[in-house]
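A.B. asks: Pasting a predicted model and its sequence here:
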Amino acid sequence: MKKVLFIVIVVALLIAFGVSAFMVGSYLINGKEQADRNEELAQMVEAAKPTTSAAEETEGVPGETEQETLPTPTVVGADGILTEYAGLYELNDDMVGWLEIPNTKLKYPVLQTPNDVNYYLYRDFDKKNSKRGSVYAWADADVNEPSDNIPLFGHNMADGSMFACLGNYTSKAAWENNSLIFFDTLNEYHTYKIFAVFKTSANLGQGFRYHAFVDAANEQEFDEFVSTCKRLSFYDTGITPVYGDKLICLSTCEYSLDNGRLVVAAVRIT
């Protein structure tokens, strides 16, 4: 009897190990496939960029300038889509922009589905199931107008992909070395500068509902939103957006809080 029980336990453990190994293997394979696909998309964008460029001085922060080299805008088609994004848009017309932070792995298309806000939470650019998901914009935000604030979401992946690099910005040193975010629409190039980095809970009735703020009803509401972002921020950047400025909030998971979120808020400067 003991021998039979021992055999049953061993078999059960072997089955459990096999299932676990299969799941881990599938996760790693899927992750590698999507990482390769994301790199392919980034290479498509890079290859399609105009060959000429013009140096422009980035302004918008009192007493501070940063020199950036921006590509000369080149458009194709009746919709005026920029050359480097036309190919990706043909592959997936849910694409509304391109997000990139220099010197990081963050360089991805931004997707949006107004009728299903979390459609790309666990789907890749090709709409296949994926644990990594995609970078996507809040359904109520207007990327092109644009809204006063555009919340953007991405997973915090252990391999450093997607929005994992946002964790670096809890340190002011990271902000001092790399404070610019490039968020282009399909038709225009835009540069943003980080003005606040904070964490909050996403539990209902708790934390700061940064994602619910899209368009301010008035100047007071806008100022209150900015003030809350700065009050919660890990450090003072010295930058305070004013009514009429356009913002983005990059949001990812944060694990020191229950259902926590880490948010990098930036203001458009070009």
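C.D. replies: Great, that's in hand.
A.B. asks: hey, where'd the helices end up in the protein?
C.D. replies: In the chain, the helices defined using DSSP state H lie at 2-48, 83-91, 172-177, 219-232.
A.B. asks: Could you identify which of those has the lowest mean pLDDT?
C.D. replies: Of all those, the minimum mean pLDDT falls on helix 2-48 (a mean of 64).
A.B. asks: burial count for the nearest residue to residue 198 once chain neighbours are set aside?
C.D. replies: Excluding the flanking residues, the one nearest residue 198 by Cβ to Cβ, 6 or more residues apart in numbering is residue 232, at 3.7 Å. C-betas here are computed from N, CA, C, even on glycine. Residue 232 has 17 neighbouring residues, counting by other Cβ atoms under 10 Å.
A.B. asks: Tell me if I'm right that residue 269 and residue 194 touch.
C.D. replies: No. If you go by Cβ atoms under 8 Å, residue 269 and residue 194 don't touch, sitting 10.7 Å apart.
A.B. asks: So if I had to pick from those two, which one is more boxed in?
C.D. replies: Per other Cβ under 10 Å, whichever of residue 269 and residue 194 has more neighbours is residue 194, with 23 against 19.
A.B. asks: Low-confidence ranges, the chain, go.
C.D. replies: 1-31, 51-78 (pLDDT under 70).
A.B. asks: Could I get the full set of strands for it?
C.D. replies: 53-61, 64-71, 75-76, 81-82, 95-100, 107-111, 135-137, 149-153, 180-185, 191-201, 247-254, 260-268 (DSSP state E).
A.B. asks: closest to residue 170 out of those?
C.D. replies: Of all these, strand 191-201 sits nearest to residue 170, with 6.2 Å by Cβ to Cβ.
A.B. asks: Residue 266 reaches residue 197, doesn't it?
C.D. replies: No. Residue 266 lies out of contact with residue 197 (Cβ under 8 Å); the separation is 9.6 Å.
A.B. asks: still on that earlier bit, in TSV: the strands of the chain, plus distance to residue 174.
C.D. replies: Converted to TSV, the strands of the chain look like this (distance: least, Cβ to Cβ, whole Å):
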stretch	distance to residue 174
strand 53-61	17
strand 64-71	16
strand 75-76	35
strand 81-82	29
strand 95-100	16
strand 107-111	17
strand 135-137	20
strand 149-153	19
strand 180-185	12
strand 191-201	9
strand 247-254	14
strand 260-268	10
